[in-house]
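**Q** The following comprises the amino acid sequence and a computationally predicted model.
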Amino acid sequence: MLGGMGAALCLLSAACFGAMAVFGKLAYAEGVSPDALVLVRFALAAVLLAVLLVVRPGLRAMPTGTRTPRGRAAIGVLATAFALGAVGYATQASLYFAALERMGASLLSLIFYSYPLLVTLGAVLLGRDRLTAGRCAALAAASGGLVLVLAGAGGLDVDPVGAALGFGTALAYTVYILVADGVVGRLPPVLLAALVMTGAAVTLTVRGLVTGGIDLGFGPAAWFWLACIAVVSTVVAMLAFFAGLRRVGPSSAAILSTFEPVVTTALATLALGEFLTPVQVLGGLLVLSCVAIVQGLRPAGRDPAAADHRCAARDHVAVSRR
């Protein structure tokens with residue numbers, strides 16, 4: 001029963017995250033700029049998470065059996081969490097929504113979802129993980145899938161700058177996750193998310209002031225789609241993922257999260273009239289299947305606690321995800 005509920009929560013989280021690109025496109029149609037979108041998203045999410053932490057004090061406590069940092073160590077962890085948002089997540093989200101302005105939500109979703117494979121490769125290069133023959137095969141197949149996604153456009157016009165921004169988003173998120181790996185187990189998840197959101201909001205506010213300000217004078221429809229991004233595709237998505245993660249474990253949660261680009265593609269088709277060519281669909285399925293395979297190929301002898309720790313960092317977002 002608990003496993004079934006956990007799977008449902010992970011799928012709900014993936015659906016909420018998957019809807020974000022479509023919400024973003026609808027916000028753009030109402031005159032919202034990418035800079036305004038990311039600023040409002042993080043500011044609203046930070047406020048909502050702060051209120052949640054006040055209303056539910058238990059969310060500020062570390063899980064049973066986990067030590068809470070004290071003194072200078074606590075200050076360092078809090079500062080690092082804030083910096084993750086101020087530098088890493090603000091950069092990643094800005095690239096993502098800049099790419100979304102130039103290309104379809106479906107195609108961007110498939111390009112972005114190369115990040116789990118990049119995280120695996122990065123962890124191997126940093127000595128945090130081992131590259132088995134199965135993972136090598138999965139990474140090679142996924143690379144081929146991405147080639148199909150881009151080369152299979154047929155008569156569709158793929159914006160090269162948009163595609164580059166999409167890959168930049170995946171790369172930035174990979175770096176963010178690998179850095180977050182050292183923080184995620186030292187703070188309560190919701191508190192960590194609130195700090196990351198606040199850091200990103202501060203950076204984007206300062207950037208807006210330096211560049212001459214950000215126009216927030218759009219209509220009610222635009223605010224509705226922005227609220228959907230902040231509430232549904234950020235706060236609800238993140239909380240549902242954490243709840244599901246506790247019930248099914250990191251590997252299953254990561255595999256269930258591959259439902260996200262499926263939702264994006266389906267909603268983009270229904271709401272925006274987008275479509276992918278058969279070759280792109282094949283490439284996307286290849287990428288997603290390889291992500292699932294990589295998550296399931298844990299080398300023998302690997303420390304399960306360390307694996308859980310890394311997986312929580314990767315999907316924390318999860319802090320988002322995006």
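**A** Looks like it came in fine.
**Q** Look up the closest residue to Thr174, ignoring the ones flanking it.
**A** In this structure, Thr174 finds its nearest non-sequential neighbour in Leu118, 4.1 Å apart by Cβ to Cβ, 6 or more residues apart in numbering. Yep, even glycine has a C-beta here, placed from its N, CA and C like the rest.
**Q** And that neighbour, how far from Phe167?
**A** Distance, Leu118 to Phe167, by Cβ to Cβ, to the nearest Å: 9 Å.
**Q** what does the model give Gln295 for pLDDT?
**A** Listed pLDDT for Gln295 reads 66.
**Q** typo on my end, Glu274
**A** Reported pLDDT for Glu274: 87.
**Q** Rounded mean pLDDT for the helix or strand that contains Ala163, please.
**A** Per DSSP states H and E, Ala163 falls inside helix 160-180. The average of the pLDDT scores along helix 160-180 is 91.
**Q** Please apply the same query to stretch 233-252.
**A** For stretch 233-252, mean pLDDT rounds to 83.
**Q** can you dump the C-alpha coordinates of that stretch into CSV?
**A** Output of stretch 233-252 as CSV, limited to C-alpha atoms (Å, rounded to 0.1, in the frame of the first residue of the first chain):
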residue,chain,number,x,y,z
SER,A,233,5.5,22.9,-10.8
THR,A,234,7.8,23.9,-7.9
VAL,A,235,6.4,23.6,-4.4
VAL,A,236,3.8,20.8,-5.0
ALA,A,237,6.2,19.0,-7.3
MET,A,238,9.0,19.1,-4.8
LEU,A,239,7.0,18.1,-1.8
ALA,A,240,5.3,15.2,-3.7
PHE,A,241,8.7,14.0,-4.8
PHE,A,242,10.2,14.0,-1.2
ALA,A,243,7.1,12.2,0.1
GLY,A,244,7.3,9.6,-2.7
LEU,A,245,11.1,9.2,-2.2
ARG,A,246,10.6,8.3,1.4
ARG,A,247,8.2,5.5,0.4
VAL,A,248,9.9,3.9,-2.6
GLY,A,249,13.5,4.8,-2.3
PRO,A,250,15.9,6.8,-4.6
SER,A,251,16.3,4.4,-7.5
SER,A,252,12.6,3.7,-8.0
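**Q** Give me the buried positions along that stretch.
**A** Under the neighbour-count criterion of 16 or more other Cβ atoms under 10 Å, stretch 233-252 has 233-245, 247-252 buried.
**Q** Tell me how many other residues surround the nearest residue to Leu117 once chain neighbours are set aside.
**A** Excluding the flanking residues, the one nearest Leu117 by Cβ to Cβ, 6+ apart is Ala142, at 5.0 Å. Ala142 is flanked by 25 other residues according to other Cβ atoms under 10 Å.
**Q** And Phe167, how far from Ser109?
**A** From Phe167 across to Ser109, the span is 13 Å (Cβ to Cβ).
**Q** mind listing the helices for the stretch 1-150 of the chain?
**A** 2-18, 20-29, 34-55, 71-83, 90-102, 105-112, 115-125, 133-151 (DSSP state H, counting those that start in this stretch).
**Q** same question for the fifth one, mean pLDDT?
**A** What it means is helix 90-102. 95.
**Q** Phe167 and Ser109: which is more packed in?
**A** Ranked by neighbour count (other Cβ under 10 Å), Phe167 and Ser109 place Ser109 first, with 26 against 19.
**Q** which residues does the more buried one contact?
**A** Residues counted as contacts of Ser109 (Cβ atoms under 8 Å, 6 or more residues apart in numbering) are Gly18, Ala21, Glu260, Pro261, Thr264, Thr265, Ala268.
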